[in-house]
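[1] show me how the following folds:
(2 chains)
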Protein chains: 2
Amino acid sequence: MTINDLLKQTGEWLRGTGPNSDIIISSRIRLARNLNKIPFSRWANKKQTEAVLEAVKTPVLESICMKNNLFLKIADLDNIDKQLLLERHLVSRELIVGSDNKAVAISGNEAISVMINEEDHLRIQVIESGFNLSDVWKIIDALDDELSKKLDFAFSSDWGYLTACPTNTGTGMRGSVMLHLPALVLSKQINKVLAAILKIGLAARGFYGEGTEAIGNFFQISNQVTLGHSEEELIDNLERIIRQVVESEAQARESLMNKNAEMVKDRIWRAYGTLKSAYIITSNESIELLSAVRLGVDLGIMKGIDRLFLNDLLITTQPAHLQKVEGKALSAAERDVKRATLIKEKLK
Amino acid sequence: MTINDLLKQTGEWLRGTGPNSDIIISSRIRLARNLNKIPFSRWANKKQTEAVLEAVKTPVLESICMKNNLFLKIADLDNIDKQLLLERHLVSRELIVGSDNKAVAISGNEAISVMINEEDHLRIQVIESGFNLSDVWKIIDALDDELSKKLDFAFSSDWGYLTACPTNTGTGMRGSVMLHLPALVLSKQINKVLAAILKIGLAARGFYGEGTEAIGNFFQISNQVTLGHSEEELIDNLERIIRQVVESEAQARESLMNKNAEMVKDRIWRAYGTLKSAYIITSNESIELLSAVRLGVDLGIMKGIDRLFLNDLLITTQPAHLQKVEGKALSAAERDVKRATLIKEKLK
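    Modelled structure (predicted):
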């Protein structure tokens, strides 16, 4: 598999299926792991990061779920390729800045990615579409077990897994769920919901994770605490809260359709009309418009379009994807025209 | 002919043809005339306005250009019918407020309308599509001559035609041209142009005449002075100024297409997309969107749509037209949905 093969497929997490997939895009868990007796990546020298890469590469690639994988050294990638991986949520920003012995291993369906020499020696991520945290946990737990047999992970009986950033120490686990909450936004209840989430120790972030703004009514909700609880407890807690948010969104949608059906239909159809007609569309606007159309699909207002199709558009209209398909770097203005053209063609 | 027949046709002034019809919608001249020895309508009693109506009705309806006409007493019309005439620019607001012996005679193609017992006893209007003031003058002058032979108009050798409002005394003539100036608006030059027009004693008004705002980049430019010059001089002067405005708009369009073609295309296509998709459209928004699409047609960006079609939509989506077709009064919210539905159907 090569990086170009990614363009021919839609990542596992974007299938648009799975439990509650009208509100929940995807469920993700990542584990932070470090090798014993080697400094964390940021403080390690070149030899040490090389030793990490050497040590983990084979175990990772040979693990059961990593058949038909894609292994990429960051140093071998140009900026567009790096951005492409970021747009597909397969790497973090941290990984693609600098390159010393940084690498990523990605499973064929993009459900699993293992980052090497990110903040931690290993960042293992499993992501699936829909509300599937327990399923995701089973997969990542099995992969972690498999790797643990071959690798000596830094672990303290007092602290649990040791990590570069103390906030990850303990289970080293972060679970996060990407939700689509247009009705809570439209009915102006979203800030109340997000405030409640923060209060109980969870975090809410935008479409591209930490430090990004909410666009297109997409929100990632994740646990902050990893210490002092078992992985199962943390997941249970996260699942419970998410279920409440899903319920709030469902109620907000029902209420909108009862009270403001025409306004909602108007928004949805206008978004569709703009996607089908505009000559220039920015990346953020396309996400906003696709969000409105997705709501239309979820409410049964728009027929003949499915979530997979919309998710695919969401990703393939991102800057690096557009440039990759075009085979060259494009200015922002050029991209905005290409994006509009691509969307029009796909919606035909 | 009945008022309902109007719905089956498009008014003469909306044909979208004639000189400079890419920028000029229509050319209009109206004459104010009063019968000798009867007070102006506003100060006349019922008997006197009745006498006016009796005196002018036959001469007007028998005039050469009024074959196949529509004669309507305002008292016989419901509110929707009154509004319908206003939307078609066949009557003034002044005429349809109150009803004592007020009436209007309209030629079959809607090019001529003669209002009776408006501010003046007679308000004669001739309107044609495109930049055609001299043609319009010939028609209205002939009609005026014809009526003068049968009616005794109030005329002073010192002052010319006497009128209810002194601003009309003299020729009693107002020429006005409806222009579509989207490029001057987009390039923010319109205020400079309008200020210059005011300075030289002309007036600039919105789509629905005196006291209405500019919407959809439509502007009516007309003479203010009617005293102290011959009709031909007034028309020559108006024509000369309009020709300059047309030239400015043409240059602004060229410059926009040279410097901002993509922005312009984007605006035009988005407007089209919204018209084709929206579920709710207000009257003002529909005028704005149709203005953008018209610019697209005029710039050759949009094919397969002509001005007649757009003009027809401009008028048939107005509140009274929608209600007339529906056969009942509709709330503003109901109209906005009907309007969007009608536009979608017509654009299919």
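
[2] tell me who's in contact with the residue lying closest to A:Thr282 once chain neighbours are set aside.
    Once flanking residues are discounted, A:Thr282 sits nearest to A:Asp336: 5.5 Å by CB to CB, 6 or more residues apart in numbering or on different chains. Every residue, glycine included, has its C-beta placed from N, CA and C. Contacts for A:Asp336 (CB atoms under 8 Å, 6 or more residues apart in numbering or on different chains) come out as A:280-282.

[3] so which of those is the most crowded?
    A:Ile281 (27 neighbours; other CB atoms under 10 Å in any protein chain shown).

[4] element containing A:Leu198, please.
    helix A:190-199 (DSSP states H and E).

[5] heading C-terminal from that helix, find the next helix or strand.
    Assigned by DSSP H and E, the successor of helix A:190-199 is strand A:202-205.

[6] neighbouring strands for that next one, and are they parallel or not?
    Using DSSP bridges, strand A:202-205 pairs in its sheet with strand A:218-223 (antiparallel).

[7] for the partner strand, C-alpha coordinates in PDB please.
    Extracted as PDB, the C-alpha positions of strand A:218-223 are listed here (Å, rounded to 0.1, in the frame of the first residue of the first chain):
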ATOM      1  CA  PHE A 218     -18.800  19.000  14.600                       C
ATOM      2  CA  PHE A 219     -17.500  18.500  18.100                       C
ATOM      3  CA  GLN A 220     -15.000  16.000  19.600                       C
ATOM      4  CA  ILE A 221     -15.700  15.100  23.200                       C
ATOM      5  CA  SER A 222     -13.000  13.300  25.100                       C
ATOM      6  CA  ASN A 223     -11.900  12.400  28.600                       C
END
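
[8] the inter-axis angle of that strand versus helix A:190-199?
    20 degrees (axes from the mean of the first three to the mean of the last three CA atoms, to 10 degrees).

[9] check which residues of the helix or strand immediately after strand A:218-223 in the chain are buried.
    Past strand A:218-223, heading to the C-terminal end, the next element that is a helix or strand (DSSP H and E) is helix A:231-259. Judged by neighbour count using 16 or more other CB atoms under 10 Å in any protein chain shown, the buried positions of helix A:231-259 are A:231, A:234-235, A:237-239, A:241-242, A:245-246, A:248-249, A:252-253, A:256.

[10] of the residues you listed, which is the nearest to B:Lys67?
    Distance to B:Lys67 across these (CB to CB) is lowest for A:Leu256, with 56.6 Å.

[11] can you show me the helices along the stretch 51-200 of chain A?
    Counting by DSSP state H, counting those that start in this stretch, the segments of the stretch 51-200 of chain A that form helices are A:79-87, A:93-96, A:133-150, A:182-186, A:190-199.

[12] what's the closest of those helices to chain B?
    Nearest to chain B, of all the helices of the stretch 51-200 of chain A, is helix A:182-186, at 14.9 Å by CB to the nearest CB.

[13] and the contacts of that closest one?
    A:190, A:193, A:217, A:248-249, A:252-253, A:255-256, A:264, A:267, A:291-292, A:294-295.

[14] show me which residues of it are buried.
    Residues of helix A:182-186 classed as buried: A:182-186 (neighbour count, 16+ other CB under 10 Å).

[15] give me the mean pLDDT for it.
    Averaging pLDDT along helix A:182-186 gives 95.

[16] from the contacts of A:Asp336, which ones fall inside helices?
    Taking DSSP state H, every one of those sits outside helices.

[17] make CSV from those and add pLDDT to it.
    CSV is the format used below for these (pLDDT from 0 to 100):
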residue, pLDDT
A:Ile280, 97
A:Ile281, 97
A:Thr282, 96
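
[18] among the buried residues of helix A:231-259, which one lies nearest to A:Val177?
    A:Ile242 (5.0 Å).

[19] just list whatever residues bridge to the residue nearest to that closest one when sequence neighbours are not counted.
    Setting aside the residues directly before and after it, A:Ile242 is nearest to A:Val177 in space (CB to CB, 6+ apart), at 5.0 Å. Taking DSSP bridges as the rule, A:Val177 bridges to A:Ser27, A:Ile221.

[20] tell me how many other residues crowd A:Val177.
    28.

[21] and for A:Leu14?
    Applying other CB under 10 Å, we find 22 residues neighbouring A:Leu14.

[22] can you tell me how far the nearest residue to it once chain neighbours are set aside is from chain B?
    Nearest non-adjacent residue to A:Leu14, counting by CB to CB, 6+ apart: A:Asn311, 3.8 Å away. A:Asn311 sits 22 Å away from chain B, going by CB to the nearest CB, to the nearest Å.
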